[in-house]
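J.: Build me a structure from this.
(chains A and B)
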Amino acid sequence: MTIRVTSGMIHNQLIRNLNNNYNRMSATQEQIETGRKINRASDDPVGITYALRYRSELSMNDQYQRNITTATSSVDHVDTVLNQINELLQRAKELAVRGISDSSSKEAREAIGKELDGIFKQAVTLGNDQVNGKYTFNGQLTTTQPYDTTTAGTTDTDEASILLPLAPGVEIQTNISGNSVFGASTDADNVFTVFKELRDAMNSNDSNAARSAMERLDTRFNTFLGIRSEVGARANRIEMLDNRNQDLNQSLNGLIAKTEDTDIAQAIMNLQRDENVYQASLSVGSKIIQPSLVDYLR
Amino acid sequence: MRSTFHSLETSKRALFTQQAALQTTGHNIANANTAGYSRQTVNMQATRPIEAVGMTHSTAPGQLGTGVEFTSITRIRESFLDSQYRSNSQDQGKWSIQADTLQKLEAIFNEPNETGIRTLVDKYWKSWSDLAQDPENITGRKILRENTLALVDAINLSSKQLVNLEQDLTSNLDVKATQINTMLENVSKLNKEISRISAYGDNPNDLKDQRDLLVDQLSKIVNITVTDTDQGYEINMGGTNLVAGQDYNPVDSAGLQGAYGTDLNSGEVYGMITSRDVYVRDYQRQLDTLANSLANGQFTVTIPAGSVLPDGITLNGVTYNGASRTLSTPLTVPVNGINELHTMGYTLQNPPTAGVPFFVSSNGGPITAATIRLNSIIADSPDAIATSMRTIGTPEKVVPGNNTLALLMANLKDTKMNFVSPDGSTPVIGNGTIDDYYRSVIGQLGVQSQDAKRQISNQDAILAQVDSRRQSVSGVSLDEEMSNLIKFQHAYNAAARVMTSVDELLDKVINGMGVVGR
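T.: The predicted model follows:
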């Protein structure tokens, strides 16, 4: 027996098929409109867990990037100040060399003493350097001024380091303590002590004392150069992290795109195909539904 | 010996019978689009032939036909397909509700999205990291406060939406119970009416269609078995009798919930209870666990050397006070959540003040998704956010530039923790990061929703197929009715023509005969 087909069946089937086609079209359209092929968890339950992780990582990377920017500017700033200190040390060295020369007169030494006094004060000023209202060289005691001109050689700065996370599990120190730059209060070659001694020696025309101070200036200079190169190395490391972070950003963006984003070309092709099918089913439907025997019997 | 007017009677019977057939055809056409209608046919039968009445058996050959009559008008329907339809309809009902609920859950969690909980959790960690860059500054604290408020608001809102969904499902159960009772009452009434009419030997076709339609609709709501008895349909839900003849046993939502998993095992009502008790409550629990673990989840941190612990704090069974508070070596301790970690550091305030628990419960009970709040002390004054773990000097002062606690907080993003659910039940995953946990919730929801969508689309297809087979048997075909119409009309016309010819014949007999020579 052949199956009996009634108009109700055709009608229902047509509606069902139109509905299915329409749904498919709307899903493709959603993909194109949002630009995403995962618009809700059920679109791709496995994909979404990856998508969420990539998004989190990307977002955290963004934070690392900000921390890197902060770290870079801190380290760059420290480097600039160290450069200025370097100039002071060099100038002091020149003056000391000139001052200890036997040919220097008392007046000349007094003049050198005056300039050294200026250099000493400038060193204290640099030691109290501030960025964003925070003292650069006082460790974590960023709100406490580390030095003043009367006690500069006998005070110690905070040695604690300020760390910033620049990558997962990687924390980098962004500051450098005054003690390591200028010397601790116990160090014989403390910059401030040496500058003062040198100044006083010049003022009192005491070339022996000046010679002894100059030797200590030399050891400090060597220590200082070591610190500078350490800061330089740190800047390099931050730059490397910066590059790596940007690479990671790019690859994460690529992964997100792959997991989440609609392949627009393909989606548009699909939409076109869905539209064609929908149109076809509409036109076929209109042909099937209308005529019945009623139309032909007169 | 036949009567003179015998043929008139035969034609009359034919006219009446064909007219009945035409009328039924008209009824079929009229009901072509009536839900639940099954086409009806007029069953015709030749009437009893005449045995000549007389003292002796007539010698006339054969038996003389006396025309046609219709013995019954029956509906064409296959009860096997009905039971098949009903057993599929209940599964379709179950999955449609479950798929619908899961879609609503997806909308509540709304991932992937730039305003979802995941994004806000990220912002929360990022704020701590920002704060670590500049712990002395009030701005970073205010940003952390705002981001924390946004996060707890989002968790509160999601929880509220889940509660609303749960309440909707519960109140829908009442609606469904009322709907079921109306149907049961109508079926029992129809049972009564049908048995009354059947007692006369008639077929109450249209009433039976109505009853079957009601049962179809009922089968979508709860799982039922239908038995056709002398008293009418007997309807059972598992072992529970719903309709017996003219009586019905009304249901209520409490009874339906009591029957859940035993007598009640499919249909929309089953889907609603599953949606509420399995899905919605599960996600509520998971969200509660997320909220509580954010505040109290257990993890291990290493406090760097040089940190000064708040006076009198007890960590890992050791109480720190006086000089012992300053750590000479790094200390690795288990910590109960952000809340405890926050009490291990100092705020910006002097004299040094230890942090307060970061999150609190709005009602003093355990911290859940509904009750989690930012501690009002912090909300009122962002200074109360602790970032430093170091003090110096006498009198003791906080070192504001110390960012140890802020760093530890920011690192929690990647720290695995033990999740703790507020009600003490076991969380789905025991050990992972907050992100891992949230991802697993969304992943689970995705799988469940995808599965429900697939099930519902399968059930739709199966149901459509069964319905199509039913339509094939019972549905009205206009083409068929039109050709029947012609067939019956021609039969009617022909019978009328026979009557006309008998009329002429009689005219001849009555008016044309016996008038010879007149």
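J.: Check the gap between the nearest residue to residue B:63 once chain neighbours are set aside and residue B:127 for me.
T.: Excluding the flanking residues, the one nearest residue B:63 by Cβ to Cβ, 6 or more residues apart in numbering or on different chains is residue B:49, at 3.6 Å. Where you see a C-beta, it was placed from the backbone N, CA and C, and this is true even at glycine. Here residue B:49 is placed at a distance of 102 Å from residue B:127 (Cβ to Cβ, to the nearest Å).
J.: Ok, residue B:300 next?
T.: For residue B:300 relative to residue B:127 (Cβ to Cβ), the value is 23 Å.
J.: Report the mean confidence score over the longest helix seen in chain B.
T.: With residue count as the measure and DSSP state H as the assignment, chain B has helix B:138-199 as its longest helix. Over the span of helix B:138-199, the pLDDT mean works out to 96.
J.: So which elements touch whichever helix or strand comes after that helix?
T.: Past helix B:138-199, heading to the C-terminal end, the next element that is a helix or strand (DSSP states H and E) is helix B:205-221. The helices and strands touching helix B:205-221, judged by 3 or more Cβ pairs under 8 Å, 6 or more residues apart in numbering or on different chains; DSSP states H and E, are strand B:68-75, helix B:79-109, helix B:138-199, strand B:232-237, helix B:267-274.
J.: Tell me where the stretch 1-150 of chain A has strands.
T.: A:130-131, A:134-135 (DSSP state E, counting those that start in this stretch).
J.: The first one pairs with which strands?
T.: Each strand that pairs with strand A:130-131, with its direction, by DSSP bridges: strand A:134-135 (antiparallel).
J.: pretty sure residue B:50 is touching residue B:7, no?
T.: No - when contacts are counted by Cβ atoms under 8 Å, residue B:50 is not listed as touching residue B:7 (11.9 Å).
J.: Can you mark which positions in stretch A:88-96 are buried?
T.: Using 16 or more other Cβ atoms under 10 Å in any protein chain shown as the burial criterion, the residues of stretch A:88-96 that qualify are A:88-89, A:92, A:95-96.
J.: likewise stretch A:8-16?
T.: A:8-14.
J.: Measure how far that stretch is from the centre of its chain, please.
T.: In terms of Cα atoms, centre = their mean, to the nearest Å, the centre of stretch A:8-16 is found 62 Å from the chain centre.
J.: Run through who's touching it.
T.: By Cβ atoms under 8 Å, 6 or more residues apart in numbering or on different chains, the list of residues contacting stretch A:8-16 from outside reads A:281, A:285, A:288-289, B:32-33, B:464, B:467-468, B:471-472, B:475-476.
J.: at 6 Å instead, please
T.: Under the contact criterion Cβ atoms under 6 Å, 6 or more residues apart in numbering or on different chains, stretch A:8-16 has outside partners A:285, A:288, B:464, B:468, B:471, B:475.
J.: Point out the most buried one among the strands of the stretch 1-150 of chain A.
T.: Taking mean count of other Cβ atoms under 10 Å in any protein chain shown as the contact definition, the stretch among the strands of the stretch 1-150 of chain A with the greatest mean neighbour count is strand A:134-135, which reaches a mean of 22.
J.: gap between it and the chain center?
T.: With Cα atoms, centre = their mean, you get 20 Å for strand A:134-135.
J.: Name the surrounding residues that touch that strand.
T.: The contact list for strand A:134-135 (Cβ under 6 Å, 6+ apart) reads A:142, A:146.
J.: can we see that at 7 Å?
T.: Where contact means Cβ atoms under 7 Å, 6 or more residues apart in numbering or on different chains, the residues beyond strand A:134-135 that reach it are A:128, A:142, A:144-146, B:136, B:401.
J.: Same check on stretch A:200-211?
T.: Counting contacts by Cβ under 7 Å, 6+ apart, the residues touching stretch A:200-211 from outside are A:96, A:99-100, A:106, A:109-110, A:112-113, A:116, A:197-198, A:213.
J.: again, but for stretch A:25-43
T.: For stretch A:25-43, the surrounding residues in contact (Cβ under 7 Å, 6+ apart) are A:44, A:47-48, A:51, A:260-262, A:264, A:267-268, A:270-271, A:274-275, A:278, B:106, B:111-112, B:442, B:445-446, B:449-450, B:453.
J.: Buried ones in it, by neighbour count?
T.: Applying a neighbour-count criterion of 16+ other Cβ under 10 Å, the buried positions in stretch A:25-43 are A:25, A:27-28, A:30-31, A:36-43.
J.: still on that earlier bit, which among the contacts of stretch A:8-16 count as buried?
T.: Neighbour-count burial (16+ other Cβ under 10 Å) is assigned, among these, to A:285, B:464, B:468, B:471, B:475.
J.: The second one and residue B:92, how far apart?
T.: The one in question is residue B:464. Taking Cβ to Cβ as the criterion, residue B:464 is separated from residue B:92 by 10 Å.
J.: try the third one
T.: When Cβ to Cβ is the yardstick, residue B:468 and residue B:92 sit 14 Å from each other.
J.: Below-threshold pLDDT in chain B: ranges please.
T.: Scanning chain B for pLDDT under 70 picks out B:1, B:52-58, B:428, B:518.
J.: before we move on, back to that, pull out the buried members of the contacts of stretch A:25-43.
T.: The buried subset of those (16+ other Cβ under 10 Å) comprises A:44, A:47-48, A:51, A:260-262, A:267, A:270-271, A:274, A:278, B:106, B:111-112, B:442, B:445-446, B:449-450, B:453.
J.: Name the helix or strand for the residue in the stretch 201-350 of chain B that chain A sits nearest to, please.
T.: At 6.1 Å from chain A, residue B:306 is the closest residue in the stretch 201-350 of chain B, using Cβ to the nearest Cβ. When secondary structure is defined using DSSP H and E, no element contains residue B:306, which sits outside every helix and strand.
J.: which bits of the stretch 101-250 of chain A sit near chain B?
T.: When proximity is defined as Cβ under 7 Å from any Cβ of the partner chain, the stretch 101-250 of chain A approaches chain B at A:134, A:140-143, A:160, A:162-165, A:168.
J.: I appreciate the help and will end here.
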